[in-house]
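> okay, predicted coordinates and the sequence, questions at the end:
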Amino acid sequence: MLDRGGGAPVVPVVVAAVLVGLLAAVPLRGLVARFAVPEGEPWCEACPSCGRGVLLLPPTGRCPGCRERLGAGPWTVEPVAAAVAVAVAYAADGPVGAALVWAAALGVALGFVDARVRRLPYRLTLPLLGGVAALLAVAALAEGRTGVLVRCLLVALAVGAVLELAVWARALGPGDSPLGLALGGLLGWYGWSVALGGLFAAVVLAGLWAVLRAAAALVRRRPVRGLDVPVGPFLLLGALTAVLAG
């Protein structure tokens, strides 16, 4: 954790966090390549050209065996993972930091998958939800704050219900609900105001992205054929922003 009071050297911690983020990007790229497939298609368990596994991928995003490009673009996951690692190093405080690290790691992969194919696969969102729930319970027991789990549950259900209504209205995909449950539970640890701030930040960021995309299309004199906003990355970014601000 970074010392917010300035009592401990910050630079070594930031450097360590960046290195951890860069190392984590290698398996995270594998997750993106494996799950960033359109709805109805099988998961990409191996490189379609040479059959080599895609668990670990270099920053170039190319298969080490045949150089086929897989998943996210070259040198895109690495800076995001490094920046998120630094943010988590600042925000992590006590045992709840483990839940924040787990959410951040899978969140990076989910953000890239959703941005690429507009879906949040259950094989990532459900482990995210289960891990956050378990780690929050451990943190509450470690700090003797078991009562905070009630608030985490209430916030998770509230956020999940809002997103589920949007799913029923076909405004969101089904994967957004478990993501909302996980992020709601995590934000509930910090309080209702932080949870509301996270949702507000997500809405604002998604709206800005949609406006900028529409403006760019108009500048290039191209028709705007629907905004098709990937909600997952903005839910994740909004949650991280709220935790940092809180």
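Alright, I've got the coordinates. Numbers count the residues shown, from 1 in each chain.
> got the buried residues for the helix or strand bottoming out on mean pLDDT in the chain?
Using mean pLDDT, DSSP states H and E, helix 192-219 stands out as the lowest-scoring helix or strand of the chain, at a mean of 90. Neighbour counts over helix 192-219 (16 or more other CB atoms under 10 Å) mark 194-195, 197-199, 201-202, 205-206 as buried. C-beta coordinates here come from the backbone N, C-alpha and C atoms, glycine included.
> same question for stretch 36-45.
36-37, 44.
> a markdown table for the residues you listed, including secondary structure?
Output for the buried residues of stretch 36-45, formatted as a markdown table (DSSP: H, G, I helix; E, B strand; the rest coil):
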| residue | secondary structure |
| --- | --- |
| 36 | coil |
| 37 | coil |
| 44 | coil |
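> from those, which is closest to residue 214?
residue 36 (24.6 Å; CB to CB).
> residues touching stretch 164-171, excluding its own?
Applying CB atoms under 8 Å, 6 or more residues apart in numbering, the contact partners of stretch 164-171 are 172-174, 176-177, 180.
> specify which member of those residues is nearest to residue 101.
residue 180 (19.7 Å).
> measure the closest one to residue 206 for me?
14 Å (CB to CB, to the nearest Å).
> just residue 54 next, same as before
Counting by CB to CB, the gap from residue 54 to residue 206 is 30 Å.
> what of residue 27?
Applying CB to CB to residue 27 and residue 206 gives a distance of 28 Å.
> helices of the chain, residue ranges please.
Under the criterion DSSP state H, the chain contains helices at 11-35, 77-91, 97-117, 122-143, 148-168, 176-190, 192-219, 231-245.
> weakest of those by average pLDDT?
Looking over those, mean pLDDT reaches its minimum on helix 192-219, with a mean of 90.
> next, the angle from it to helix 176-190.
With axes from the mean of the first three to the mean of the last three CA atoms, to 10 degrees applied, the angle from helix 192-219 to helix 176-190 works out at 130 degrees.
> show me what helix 192-219 is packed up against.
helix 148-168, helix 176-190, helix 231-245 (3 or more CB pairs under 8 Å, 6 or more residues apart in numbering; DSSP states H and E).
> quick one, which of the ones you listed is nearest to residue 69?
helix 231-245 (21.2 Å).
> picking up where we left off before, let's have the contacts of stretch 164-171 in CSV, adding neighbour count and distance to residue 233.
Compiled in CSV, the contacts of stretch 164-171 are given as follows (neighbours: other CB atoms under 10 Å; distance: CB to CB, whole Å):
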residue, neighbour count, distance to residue 233
172, 22, 13
173, 20, 13
174, 15, 17
176, 24, 11
177, 23, 16
180, 30, 14
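> now render these as JSON lines, adding distance to residue 147.
Shown next, in JSON lines, are these (distance: CB to CB, whole Å):
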{"residue": "172", "distance to residue 147": "32"}
{"residue": "173", "distance to residue 147": "34"}
{"residue": "174", "distance to residue 147": "32"}
{"residue": "176", "distance to residue 147": "29"}
{"residue": "177", "distance to residue 147": "26"}
{"residue": "180", "distance to residue 147": "23"}
